[in-house]
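Undergrad: Sequence plus the predicted model coming up.
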Amino acid sequence: MDKFFQLRIITPERTVFRGQVFSVVAPGEAGYLEILANHAPIISGLVKGKITLKESHKKSLFQSSGNGFLQVLNNQVVLLLDKVSDLE
């Protein structure tokens, strides 16, 4: 059975995404990071690039066109980004 966690993608203007996901792949400063449920706590810088979310039966794609941060703590993941656009 898949394990899910809570994800929020936030820009200064709005909350872009809020919901339960199976995984998120985001462009970290040292390369792409994949976060799954029960990931160890981490804070990382983010750079421009593609963000991929895997939900129950759906994949969502976003494009970050600015810098930001990713925080993982207790199955809560937050991406704070300058600017994000939906690729779907």
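TA: Good, I have the coordinates.
Undergrad: Now do the lowest-mean-pLDDT helix or strand in the chain: which elements does it pack against?
TA: Lowest by mean pLDDT, DSSP states H and E among the helices and strands of the chain is strand 84-86, with a mean of 87. Packing partners of strand 84-86 (3 or more Cβ pairs under 8 Å, 6 or more residues apart in numbering; DSSP states H and E): strand 59-64. (Each C-beta comes from the backbone N, C-alpha and C, glycine too.)
Undergrad: in the strand it packs on, what's buried?
TA: For strand 59-64, the neighbour count (16 or more other Cβ atoms under 10 Å) marks 60, 62, 64 as buried.
Undergrad: same question, stretch 11-26
TA: 11, 16-17, 21-26.
Undergrad: I'd like the mean pLDDT over it, please.
TA: On average, the pLDDT along stretch 11-26 is 95.
Undergrad: residue ranges with poor pLDDT in this protein?
TA: Applying pLDDT under 70 to the chain picks out residues 1-2, 88.
Undergrad: Can you list the residue ranges for strands in it?
TA: Counting by DSSP state E, one finds strands in the chain at the ranges 5-10, 15-21, 23-28, 31-36, 42-46, 49-54, 59-64, 68-73, 76-81, 84-86.
Undergrad: Mind listing residues that contact the shortest one?
TA: With Cβ atoms under 8 Å, 6 or more residues apart in numbering as the contact definition, strand 84-86 has outside contacts at 9, 11, 16, 51, 60-65.
Undergrad: Closest one of those residues to Asn74?
TA: When these are ranked by distance to Asn74 (Cβ to Cβ), Ile9 comes first, at 18.0 Å.
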